[in-house]
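missing the sequence, but the structure's below:
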DNA sequence: GTTATTTCGCTACTAACCGTTGCGAAATGA
DNA sequence: TCATTTCGCAACGGTTAGTAGCGAAATAAC
């Protein structure tokens, strides 16, 4: 080992990519653009990340803030907070575009599949915690399939917001949570 | 009006695109490929469809077979059949890729947004019918928000199959339907 | 049947982008 | 010091979208 990769070059690339992502969307990310705006050579970009896709995933991974897990005392309250957290993301259009982009790229390239999987671990945390507390509280069946519960909780929001691009009103959220919580059997035991 | 657009040329383009879509996936669709395989000039493709995206949506629209709506006598039974219908699509990987592609393109271009919306009308039919019958039967609340019910029914499947790329076993389907049906309040009235 | 108009097919073109190569210069671990 | 690797730069090959120009063919209208 003689000379390590320049950390500063890497940071500049991630920062520039994040900038473009935020202001122009993921469609505007090209190797040349990122290189120009970061002041780092395009060749260096490829040496560090291999592909532009990997760079974008790196930006996402660096920005998946650990959403502070809510603890309202009820499953419904926790899920409401979590959903509001997703909906309140400032750059709504951007996040929708980015989410779909990640799914698409994870289909096209197996390498991206793993990167996408890792990017989704953090965001799932709060929901898993909320479910565990609900179980501890005796609010829902302790033998609930947590994986399936995740899909039941997140699926409707994905279908509505991401696929259909519908606005989710406070009233919609209410209806959705009523159904979801009932699905999980809360209040049945 | 002097000479109409050649219907045969259009059909050849759609057929060739469908062929490529089926065997190589949506990523392999390029104007030049479609032109070559259809024997129709690339310029003619653009004259007919404007963009390659519009051609792909035309293929989808031509192939969204009206899924025969099941009628098993219970909401759960109907939904099970509908879900199995989606999962049994022969070209599973292709349909996943195509679905995500459509969502992505509908975000990128407003023109595609409308095309995607139209492509989704047909597939929703059976589910809406199943819900209406369940209401008529008194199986679920007659004031149910049908739009939201759609998201609740389709969302988990989308989250699991499309986003996560997980296999959906017969057992998973069972668990999912238990939760969904309970969410809709079946058996509560 | 003639004619005006439009489409069709062809070739060539511009423009954008990905990812690579080859090079000299600079940095750095040993 | 010095061997090794990275960095920045410029240029390149390959692919694709969409367009331009043109002669030939089709067809609606008369």
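Received the coordinates, thanks. Computed from a predicted structure; not experimentally measured.

give me the neighbour count for the closest residue to chain B within chain A.
Relative to chain B, the nearest point of chain A is residue A:155 (2.9 Å; CB to the nearest CB). Where C-beta positions appear, they are placed from N, C-alpha and C, glycine not excepted. Neighbours of residue A:155 under the rule other CB atoms under 10 Å in any protein chain shown: 26.

so who does residue A:104 touch?
B:100-101, B:104 (CB atoms under 8 Å, 6 or more residues apart in numbering or on different chains).

separation between the residue of chain A found nearest DNA strand D and residue B:148?
Relative to DNA strand D, the nearest point of chain A is residue A:6 (3.1 Å; CB to the nearest atom of the strand). Using CB to CB, to the nearest Å, we find residue A:6 at a distance of 51 Å from residue B:148.

the residue of chain A closest to chain B is in contact with residue B:156, isn't it?
Yes - with contact defined as CB atoms under 8 Å, residue A:155 reaches residue B:156; the gap is 3.9 Å.

picking up where we left off before, residue A:6 and residue B:148: which is more packed in?
Comparing residue A:6 with residue B:148 by other CB under 10 Å, the one with more neighbours is residue B:148, at 24 against 14.

what's around the closest residue to that one other than its chain neighbours, how many residues?
Nearest non-adjacent residue to residue B:148, counting by CB to CB, 6 or more residues apart in numbering or on different chains: residue A:175, 5.0 Å away. Neighbour count of residue A:175, defined by other CB under 10 Å: 19.

where does chain A have its least confident helix or strand?
Taking mean pLDDT, DSSP states H and E as the measure, chain A has helix A:92-108 as its least confident helix or strand, at a mean of 90.

now do the buried residues in it.
Within helix A:92-108, the residues that count as buried by 16 or more other CB atoms under 10 Å in any protein chain shown are A:94, A:96-108.

can you tell me the SS state at residue A:143?
coil (DSSP: H, G, I helix; E, B strand; the rest coil).

that one: what's it in contact with?
Residue A:143 neighbours (CB under 8 Å, 6+ apart): none.

hmm, back to that, in three-state terms, label the residue of chain A closest to chain B for me.
With three-state DSSP as the basis, residue A:155 sits in helix.

can you check residue A:168 too?
Three-state call for residue A:168 (three-state DSSP): coil.

hmm, it is touching residue A:160, no?
Yes - the pair formed by residue A:168 and residue A:160 meets the contact definition of CB under 8 Å, at 5.9 Å.

just the helices in chain A please.
Per DSSP state H, chain A carries helices over the ranges A:7-24, A:31-38, A:42-49, A:52-63, A:75-87, A:92-108, A:110-136, A:146-157, A:170-183.

what packs against the first one?
So that's helix A:7-24. Judged by 3 or more CB pairs under 8 Å, 6 or more residues apart in numbering or on different chains; DSSP states H and E, helix A:7-24 is in contact with helix A:31-38, helix A:42-49, helix A:52-63, helix A:92-108.

mind doing that once more with 6 Å?
Of the remaining helices and strands, those touching helix A:7-24 by 3 or more CB pairs under 6 Å, 6 or more residues apart in numbering or on different chains; DSSP states H and E are helix A:31-38, helix A:42-49, helix A:52-63.

what does the pLDDT read for the spatially closest residue to residue A:86 that is not a sequence neighbour?
Computed as CB to CB, 6+ apart, the closest residue to residue A:86 that is not its neighbour in sequence is residue A:157, at 6.7 Å. Residue A:157 carries a pLDDT value of 96.

number of residues surrounding residue A:157?
Residue A:157 has 22 neighbouring residues, counting by other CB under 10 Å.

which parts of chain A belong to which domain?
Structural domains annotated on chain A: A:7-62, A:65-183, as defined by automatic domain parsing.

worst mean pLDDT among those domains?
When the domains of chain A are ranked by mean pLDDT, domain A:65-183 comes last with a mean of 93.

before we move on, the earlier item: give the residues shared as contacts by residue A:155 and residue B:156.
By CB atoms under 6 Å, 6 or more residues apart in numbering or on different chains, residue A:155 and residue B:156 have no common neighbours.

which residue does chain A have closest to DNA strand C?
Counting by CB to the nearest atom of the strand, chain A gets nearest to DNA strand C through residue A:30 (3.2 Å).
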